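A.B. asks: got a sequence here, can you build the structure:
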Amino acid sequence: MNEHLQGGQFSAAGEQVSVLFIADPGTSAALAERIAEYLPQRLRSRDRPERRWTTCVRRKPYLPDEQADFADVIDTVDPSSEAEDIVVYLTDLPRREDTLPVVGEVSADYLFALIAVAGVGGVHIERRVRTVTELAIARILREPELTPPGAARRFPCVQMEDGIRYFAPSGLRRLRLLSGMVRANRPWRLVTGLSKVLVGAFATGAIALATDTIWLFADTMGPWRMSAATVLSIVATLVLGVVILHVALFCLLLFTAYLALPPELLSRVLGRGVNFSDYLTLTWLLASIATIGGALGSGLEDDAAVKEAAYGVRQRQRIEETQSQSNEA
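C.D. replies: Numbers count the residues shown, from 1 in each chain. From the prediction side, this is the model:
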């Protein structure tokens, strides 16, 4: 334990408080970097102008799985072995007590806090994680004046054997946890991560665009059949990522169709006048067909590209560690 600390208390004069942020690689590490930058300014106290705050960040995953007991996490991290006064560990793994999402666990005895980033939700993540971090540090130092206004009321807590456990605010707790888990995996990267899929899907749609049979299909299928085609094109896939891919394809193909197909050509094939809604209908069908073509193109991607697009950094490491352990066994 650092010489500045005696049972969780600091000396009265000339004190310096150092905080080590340990974070899972990826989103948690990026949050830790930003929070560490602003934390000294936010915790500076008018009552203790002599106190100086220093921070540093280490990127290293310690938490083996979300079910790990808090005492086991403390043993694994071993905060007492660190030179810094306080250790704060940010993880992207969700933490729960039964069905209640946990946002933080604090041990004042070990000068340690575990912050579960997923528990704060999918929006205003940095502000919420910073609030929980400051709340945890205030608890560790036993200095309530460092607690952000309203934080103690917003994040309910319970006493446990190894310290204090903070829960997500009441109301839509499970939705917050779900959105936080989705945000941590960043599924929108599916489009940019699987570039060959996007190229394959666009090529399929562009080729179909030149077929007058597709024009007739788009004109006669109707909204219900078109909806069924859309649903069938994205079933059994990563839904959110494919929806984003579908929207991107729709916009690209709409732009291409509007440039490549003059209204006179469509009118001659369809046997009637056309307007912008006909282009929308045609693009709708093209995007559904192109999504299937993109699924076929996914076979061109290697495993690393698929994992990069589908999983967060920490999750990929857990998968690789599990596979390595299975191979060794």
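A.B. asks: how is this protein divided into domains?
C.D. replies: 5-182, 189-303 (automatic domain parsing).
A.B. asks: so can I have JSON lines of these showing mean pLDDT and mean neighbour count?
C.D. replies: From N, CA and C alone the C-beta is placed, and that goes for glycine too. Converted to JSON lines, these look like this (pLDDT from 0 to 100; neighbours: other Cβ atoms under 10 Å):
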{"stretch": "domain 5-182", "mean pLDDT": "84", "mean neighbour count": "18"}
{"stretch": "domain 189-303", "mean pLDDT": "71", "mean neighbour count": "17"}
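A.B. asks: how about residues contacting stretch 29-36?
C.D. replies: By Cβ atoms under 8 Å, 6 or more residues apart in numbering, the surrounding residues in contact with stretch 29-36 are 19, 21-23, 55-57, 59, 88, 90, 117, 125-126, 129-130, 133.
A.B. asks: okay, P40 and T54: tell me how far apart.
C.D. replies: Here the criterion is Cβ to Cβ, to the nearest Å. By it, P40 lies 7 Å from T54.
A.B. asks: ok, R96 next?
C.D. replies: Going from R96 to T54 by Cβ to Cβ gives 33 Å.
A.B. asks: Q16 now?
C.D. replies: Using Cβ to Cβ, Q16 is found at 7 Å from T54.
A.B. asks: swap in V132?
C.D. replies: 21 Å.
A.B. asks: then Y258?
C.D. replies: From Y258 over to T54 the distance is 58 Å, taken as Cβ to Cβ.
A.B. asks: and for R44?
C.D. replies: 12 Å.
A.B. asks: can you check A206 too?
C.D. replies: Distance from A206 to T54, by Cβ to Cβ: 57 Å.
A.B. asks: for R127, same thing?
C.D. replies: The gap separating R127 from T54 is 23 Å, by Cβ to Cβ.
A.B. asks: returning to what we had before: just flag the most distant two among the contacts of stretch 29-36.
C.D. replies: Greatest spatial distance among those (Cβ to Cβ): C56 and I125, at 21.5 Å.
A.B. asks: where exactly do the strands run in the stretch 101-250 of the chain?
C.D. replies: Remark: strands assigned in the stretch 101-250 of the chain by DSSP state E, counting those that start in this stretch are 112-116, 157-160, 163-167.
A.B. asks: can you list these in JSON lines and add distance to D69?
C.D. replies: Shown next, in JSON lines, are the strands of the stretch 101-250 of the chain (distance: least, Cβ to Cβ, whole Å):
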{"stretch": "strand 112-116", "distance to D69": "11"}
{"stretch": "strand 157-160", "distance to D69": "10"}
{"stretch": "strand 163-167", "distance to D69": "12"}
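A.B. asks: out of those strands, which comes closest to G271?
C.D. replies: With distances scored as Cβ to Cβ, the stretch of these nearest to G271 is strand 112-116 (61.7 Å).
A.B. asks: which helices and strands sit right next to that closest one?
C.D. replies: If contacts are counted by 3 or more Cβ pairs under 8 Å, 6 or more residues apart in numbering; DSSP states H and E, strand 112-116 sits against helix 70-77, strand 86-91, strand 100-107, helix 125-141.
A.B. asks: tell me which of those sits nearest to G273.
C.D. replies: With distances scored as Cβ to Cβ, the stretch of these nearest to G273 is helix 125-141 (50.8 Å).
A.B. asks: may I have that closest one as CSV, with CA atoms only?
C.D. replies: Extracted C-alpha coordinates of helix 125-141, given in CSV (Å, rounded to 0.1, in the frame of the first residue of the first chain):
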residue,chain,number,x,y,z
ILE,A,125,-21.0,7.0,-22.0
GLU,A,126,-18.0,9.1,-21.2
ARG,A,127,-19.9,11.4,-18.9
ARG,A,128,-21.6,8.5,-17.0
VAL,A,129,-18.4,6.5,-16.7
ARG,A,130,-16.6,9.6,-15.4
THR,A,131,-19.3,10.2,-12.8
VAL,A,132,-19.1,6.6,-11.6
THR,A,133,-15.3,6.9,-11.4
GLU,A,134,-15.4,10.1,-9.4
LEU,A,135,-18.1,8.5,-7.1
ALA,A,136,-15.8,5.5,-6.6
ILE,A,137,-12.8,7.6,-5.8
ALA,A,138,-14.8,9.6,-3.3
ARG,A,139,-15.9,6.4,-1.6
ILE,A,140,-12.3,5.1,-1.6
LEU,A,141,-11.0,8.3,0.0
